[in-house]
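Participant: I would like the atomic coordinates for the input below:
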Amino acid sequence: MRVVTIRQFAQALALILASLQALPAVAGEPTVEFLVWARQWTGTLGSKQVEVSLRREGDNFSGSYCYQPCTNAKRYLLQLRGEMEGAHVQLFERDISARNSETVTGHWRLALADTALTGTWTAPDGRRTLPVNLTVVADEAKAIPYEMRLVADALPANDDDCHPPHVSAIRLYKDGQLVQTLPTDSQGSCGIYIPEAIDANFDGWPDLTLALFLPAGPNIPHQTWLYDPETGLYKDAPQGLQDITSPSFDPVHKIIWTAWRSSCCEHGVTTYRWQGDDVVEVDTRSSYLLPVLIGQERRYCYITPDYDNGAIIFPSRVEQTDTGLNLHGIDLKECDSGSPSFTERTYIDIWKPDGTTLLRTEQVEWKPTSMPEGTRLCPEVPFFANGEIRRVVMRHDVELCREAEPREE
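Facilitator: Purely as a prediction, here's the structure:
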């Protein structure tokens, strides 16, 4: 009888685990594996052209559809939900704009192929049936040359589960064979997150990104992997990219950008470019308060940046024209009255009408002011007033005045 030493057993066990690309398991914690994808389809429901968005999580399906031409107001009103039953996808639809949004407005029975969905739509009373023929038009997962499955501690529920499974890995399969396991740590909010196909480094190959959790603000951490066309495998993206929350990718201008929030009262946009093997920051802009006078009433407009066509812009702004200063994209009814409790981000940027050329900035200045307590420095705030800049010393807002300018304290 052959005697196997502890060391030999350990080496053999390590080889088995490596070949299976398994993750370290938590004792007593079960794991399951299920197929995921998100796909866009187009085709016909009866004689009408439709667009369908469908998401798969194991045997569960959810999504929406609209009749062409699909407008933003109607695109997500007809909701779909269902599951695999045998060889078919069974879906029921609801109109969430209806008075009773829980009423089922139709039943779908579909045969699922790689690039096609075919079957029937049936009215709730069963008296009317229409043919359904759909083909894939934009398939995020199909851009990846693998079938994607998630490893989790439970199967996802077929409802708006606000305690979704904890995902510990993405497994990639080719022709039924496991190719690679990507360890992760993703916990959705009301529903799991599923991987998205992107081109993170703008090389034309399909990379992967996965949201990790939903924080209090919009700064959602992501884990990203880059596709290596030489090996056909994925590798971790560099740390600079991993540190960007809620990243968006602009392949035309080869810019990565993110909209962020650092507090209740500061929002911003930051852009990045690839430099060598990592990304570097290109530009960042944050929100500010734009003071406006309407007669004698003071208002403060909260101005936030956005990203468009390769640049950070301010859709709401003050523009310099041949006839003077104009407000662009600002609804004064949305501006707050009263005085802000801070002055650090209170100013007026003045732009050319193109919205990309900043001409000058009217900033707060500090003026010596006689007060019962003695001389204090009070902020002189620039206000937009009927096409010009009017500066007002805030002597009556005592809490804003101080003994020294902020930069000297």
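Participant: residue contacts, the residue nearest in space to the middle of the chain?
Facilitator: Closest to where the C-alpha atoms of the chain average out (C-alpha atoms, centre = their mean) is Ser246, at 5.2 Å. Residues in contact with Ser246, defined by C-beta atoms under 8 Å, 6 or more residues apart in numbering, are Pro218, Asn219, Ile220, His222, Thr258, Ala259, Trp260. C-beta coordinates here come from the backbone N, C-alpha and C atoms, glycine included.
Participant: which helix or strand contains it?
Facilitator: Ser246 is part of no helix or strand, with elements assigned from DSSP states H and E.
Participant: which of the contacts of Ser246 are buried? Put it as a PyMOL command.
Facilitator: Paste this into PyMOL to select the buried members of the contacts of Ser246, with burial taken from 16 or more other C-beta atoms under 10 Å:
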select buried, resi 220+222+258+259+260
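Participant: C-alpha coordinates for stretch 61-78, PDB please?
Facilitator: Taking Å, rounded to 0.1, in the frame of the first residue of the first chain, the C-alpha atoms of stretch 61-78 are listed here in PDB:
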ATOM      1  CA  PHE A  61     -35.900  37.400 -16.200                       C
ATOM      2  CA  SER A  62     -36.900  41.100 -15.900                       C
ATOM      3  CA  GLY A  63     -37.000  44.000 -18.300                       C
ATOM      4  CA  SER A  64     -39.300  46.300 -20.300                       C
ATOM      5  CA  TYR A  65     -40.500  47.000 -23.800                       C
ATOM      6  CA  CYS A  66     -41.900  49.800 -25.900                       C
ATOM      7  CA  TYR A  67     -43.500  50.300 -29.300                       C
ATOM      8  CA  GLN A  68     -41.400  52.100 -31.800                       C
ATOM      9  CA  PRO A  69     -40.700  55.000 -32.000                       C
ATOM     10  CA  CYS A  70     -39.700  54.600 -28.300                       C
ATOM     11  CA  THR A  71     -39.600  57.900 -26.400                       C
ATOM     12  CA  ASN A  72     -37.900  58.300 -23.100                       C
ATOM     13  CA  ALA A  73     -41.300  58.900 -21.500                       C
ATOM     14  CA  LYS A  74     -42.600  55.600 -22.700                       C
ATOM     15  CA  ARG A  75     -39.500  53.400 -22.900                       C
ATOM     16  CA  TYR A  76     -39.800  51.700 -19.400                       C
ATOM     17  CA  LEU A  77     -43.600  51.800 -18.800                       C
ATOM     18  CA  LEU A  78     -44.400  48.300 -20.000                       C
END
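Participant: done for today, thanks.
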